[in-house]
Structure formats: structure tokens, C-alpha cells
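Colleague: Build me a model from this:
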Amino acid sequence: MHAIVVDATGGPEVLTYAERPDPRPGPGQALVKVAASGVNFIDVYHREGRYPLPLPLVPGSEGAGVVVEVGDGVTHVAVGDRVAWCSVPGSYAELAVVPERALVHVPSGVDFELAAAAMLQGLTAHYLTRSTYAVREGDQVLVHAAAGGMGLLLTQLIKLQGGRVIGTVSTEEKEKLAREAGADEVIRYDRTPFPEQVKELTGGRGVDVVYDGVGASTFEGDLQCIRPRALIALFGAASGPVPPFDLQRLSGLGSLFVTRPTLSHYVADRDELLGRAHDLFGWIAGGQLRIQVSQRYPLAEARRAHEDLEGRRTTGKLILTV
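Modeller: Residues are numbered from 1 along each chain as shown. Okay, the predicted model is just below:
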């Protein structure tokens with residue numbers, strides 16, 4: 001098979017298109033012919049070694065395709081099933097071995113590209129808005145990078161639950177996308193500091209929760225624009241990790257909460273994974289949740305996909321087609 005291989009950590013240039021032996025499924029695993037693989041910032045972190053994985057590495061944490069072989073003891077999927085998965089390295093390839101416990105069935109009304117695009121970010125948006133902080137009617141919510149793949153999903157799910165979305169973006173094009181997704185207010189942080197604008201838009205009160213996948217460049221501003229006893233959900237670090245932080249500051253700023261959630265802890269129980277995936281695919285099939293696949297790249301061009309993602313030249317979701 002062909003796959004993208006990382007032999008040494010580094011920049012996008014370490015992503016190599018190469019031939020690898022066809023894998024075989026072991027006990028409790030399925031072999032999937034990959035149709036599409038999602039591109040995410042966690043793939044960048046694996047490539048860089050920020051989140052270390054054994055080398056050589058086939059990156060890619062989510063995908064969708066058809067089961068072509070199953071190992072011993074597999075009972076929940078069969079050859080020919082349409083499936084999707086996330087949080088399993090090895091998806092930048094023509095064939096992927098995936099643990100049965102990570103696989104979910106893809107309904108016939110959802111195509112493989114949408115399924116691959118929805119898994120990691122969609123399940124993350126689900127747990128952030130339903131579990132990390134369960135958005136309620138009337139809540140005021142700040143979403144950073146509101147025109148990115150995660151931002152567009154978060155905005156839609158927050159609106160489904162009756163929240164008011166204040167999004168941050170950097171360009172006029174991205175402002176348009178955020179508003180089309182349902183953002184009530186959009187702040188151009190390239191023009192004005194976002195904490196001042198958030199305070200003004202909330203009548204000085206501050207927001208109830210911040211969903212922040214940016215990290216280093218936004219965290220200090222987050223602390224300035226949330227109400228007392230509010231929550232910052234720091235789910236990513238696109239601009240770099242937040243520096244060491246004195247927790248005592250949270251007291252003086254209003255008994256604030258900060259959490260660094262991870263998807264694996266919110267889908268560790270298979271029933272919880274299936275419940276979240278059921279909601280997600282139901283919203284997609286029913287037209288309540290729109291997944292914007294903005295750019296598609298052949299598997300061999302994974303390097304270009306990473307360059308575009310890191311260069312902030314993209315909106316929505318990036319997909320590798322296999």
C-alpha cells in the first residue's frame with residue numbers, strides 16, 4: 001500500500017509518500033480500505049514530536065472507509081461495513097488497522113468525506129458543548145478561530161442549544177463564514193483587541209465560557225473577558241502552548257475555572273462514543289449540522305495540506321482523498 005511516513009520529527013518536509021507492507025488485523029481489530037482521512041492540528045503535533053509517538057510513524061488520527069478484513073474476536077463490524085474512526089494513528093494510508101472499539105458505523109446518508117471530516121472535530125465539539133460545559137439557553141460563548149473547522153462546528157452546536165456566539169476571526173472572508181454558521185457577533189482581532197470587544201458586547205459582564213483552540217496568543221485575553229466563576233476550555237494550542245501559569249491568579253480574577261480536556265477521556269467508554277457519534281451523524285443527515293470540507297488533497301500531497309493548515313491559509317476542514 002501507499003502511505004505517508006514520518007521517519008524523523010520536524011516540519012512538513014518530513015512527510016514522505018512511500019510504499020509500506022499491507023497491514024493485517026490482529027485480535028479485536030479491523031482492516032479498513034481508507035476512502036478519506038481528516039487533517040487536524042493534532043497530526044501536526046505528532047509530526048513535530050510535541051505529542052511523541054514511536055517512529056517511523058504513519059500520521060493521521062481520523063478516517064472513514066470500508067472494512068475489508070477482521071481479526072479474531074471482532075463482533076461489532078463485518079467485511080463490507082461502512083465505518084469511521086478517530087484518535088487512532090495511521091490514517092494517512094490506503095489501508096488502516098483500527099481497533100474495533102474505535103469504529104462507528106456510518107449511515108448511508110453520510111458520505112465518506114463528511115464522515116472523515118466530522119469524527120475528530122465533531123466529537124470534540126460535541127463533548128465541549130455537551131459535557132465540558134453544557135451550553136444552556138441564553139449563555140454567552142466566545143469561540144476563537146470561529147471560521148476554522150472546529151470553530152464552525154462549535155458555533156453550530158452552541159446555536160442548536162440556544163447559546164449566543166461571539167466569534168473571533170482575522171479576515172473579512174472568515175467573518176462571512178462565521179456569520180453563515182450562526183455567529184451572532186464576530187470580532188476582527190486583527191483590528192482591535194478581543195477582550196475589550198467582548199466586554200462591550202456583553203454589557204461589561206463577560207462570557208459564560210470560552211472555547212479556545214489557539215492557546216498561547218489568546219489565553220491572557222480569555223482571562224480578561226469572562227464573568228466570575230466562568231470556564232475557559234483550552235482544547236488546543238494552534239499558536240503554541242500556554243506558558244506556566246500561577247493558579248492563584250484565578251482567584252483574583254473571579255474564581256475562574258480552566259480545563260484542558262482531551263477527546264479520548266470523553267469517548268473512553270464505547271457507549272459514550274456511540275452516543276456522541278449517533279448524535280453527530282443524525283445532525284449531519286438531518287441537515288442540522290453542516291460540515292464544510294473546504295479543501296481536498298490527494299494522499300500524496302499531505303505535505304501541502306500541512307503547510308496550508310499551519311500557514312492559516314484555510315477555512316473549514318481539510319481532507320486527504322485516498
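
Colleague: Dihedrals phi and psi, the closest residue in space to residue 264 that isn't next to it in sequence?
Modeller: Spatial nearest neighbour of residue 264, chain neighbours left out: residue 87 (5.5 Å); criterion: C-beta to C-beta, 6 or more residues apart in numbering. Backbone N, C-alpha and C define where each C-beta goes, glycine included. With angles defined as degrees, to the nearest 10, residue 87 sits at phi 60, psi 30.

Colleague: Also the one 10 residues further on?
Modeller: When quoted as degrees, to the nearest 10, the phi and psi of residue 97 stand at phi -90, psi 120.

Colleague: what's it in contact with, if anything?
Modeller: Contact analysis of residue 97 by C-beta atoms under 8 Å, 6 or more residues apart in numbering lists 23-26, 29-32, 90.

Colleague: does it have beta-bridge partners, and which?
Modeller: Counting by DSSP bridges, residue 97 forms beta bridges with residue 31.

Colleague: List the contacts of the residue nearest to residue 125 when sequence neighbours are not counted.
Modeller: Leaving out its chain neighbours, the residue that sits closest to residue 125 by C-beta to C-beta, 6+ apart is residue 153, at 4.0 Å. Listed by C-beta under 8 Å, 6+ apart, the contact set of residue 153 reads 121-122, 125, 289, 291.

Colleague: for residue 241, same thing?
Modeller: 215-216.

Colleague: Scan the contacts of residue 97 and report the most crowded one.
Modeller: Counting neighbours by other C-beta atoms under 10 Å, residue 32 leads the contacts of residue 97 with 31 neighbours.

Colleague: Need the three-state assignment for the residue nearest to it when sequence neighbours are not counted.
Modeller: In space, and not counting its chain neighbours, residue 32 is closest to residue 65: 4.5 Å by C-beta to C-beta, 6+ apart. For residue 65, the assignment made with DSSP: H, G, I helix; E, B strand; the rest coil gives strand.

Colleague: Thought residue 34 was touching residue 65, still the case?
Modeller: Yes. Residue 65 sits in contact with residue 34 when judged by C-beta atoms under 8 Å, with a separation of 4.4 Å.

Colleague: shared neighbours, these two?
Modeller: 96, 322.

Colleague: Next secondary structure element downstream of the helix or strand containing the residue nearest to residue 125?
Modeller: Residue 153 belongs to helix 149-160 when assigned by DSSP states H and E. Downstream of helix 149-160, the first helix or strand assigned by DSSP H and E is strand 164-169.

Colleague: Tell me the one of the contacts of residue 153 nearest residue 46?
Modeller: Relative to residue 46, the closest of those is residue 121; by C-beta to C-beta it sits at 16.1 Å.

Colleague: returning to what we had before: using CSV, write out the CA atom coordinates for the helix holding residue 153.
Modeller: Output of helix 149-160 as CSV, limited to C-alpha atoms (Å, rounded to 0.1, in the frame of the first residue of the first chain):
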residue,chain,number,x,y,z
GLY,A,149,-13.1,23.6,11.1
MET,A,150,-13.6,23.4,14.9
GLY,A,151,-15.0,27.0,15.2
LEU,A,152,-17.7,26.4,12.6
LEU,A,153,-18.8,23.2,14.3
LEU,A,154,-18.8,24.7,17.8
THR,A,155,-20.8,27.7,16.6
GLN,A,156,-23.5,25.5,15.1
LEU,A,157,-23.8,23.2,18.2
ILE,A,158,-23.9,26.2,20.5
LYS,A,159,-26.7,27.7,18.4
LEU,A,160,-28.6,24.4,18.5
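
Colleague: buried sites along it?
Modeller: Under the neighbour-count criterion of 16 or more other C-beta atoms under 10 Å, helix 149-160 has 149-159 buried.

Colleague: now these in TSV, with pLDDT and distance to residue 140?
Modeller: Converted to TSV, the buried residues of helix 149-160 look like this (pLDDT from 0 to 100; distance: C-beta to C-beta, whole Å):
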residue	pLDDT	distance to residue 140
149	86	23
150	91	19
151	94	16
152	93	19
153	95	19
154	97	14
155	98	13
156	97	17
157	98	15
158	98	10
159	98	13
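
Colleague: Just the closest of the residues you listed to residue 139, please.
Modeller: The closest of those to residue 139 turns out to be residue 158 (C-beta to C-beta; 7.8 Å).

Colleague: Now do the helices in the stretch 51-200 of the chain.
Modeller: 112-127, 149-160, 172-181, 194-201 (DSSP state H, counting those that start in this stretch).

Colleague: could I get those as TSV with distance to residue 272?
Modeller: Below are those laid out as TSV (distance: least, C-beta to C-beta, whole Å):
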stretch	distance to residue 272
helix 112-127	9
helix 149-160	17
helix 172-181	26
helix 194-201	32
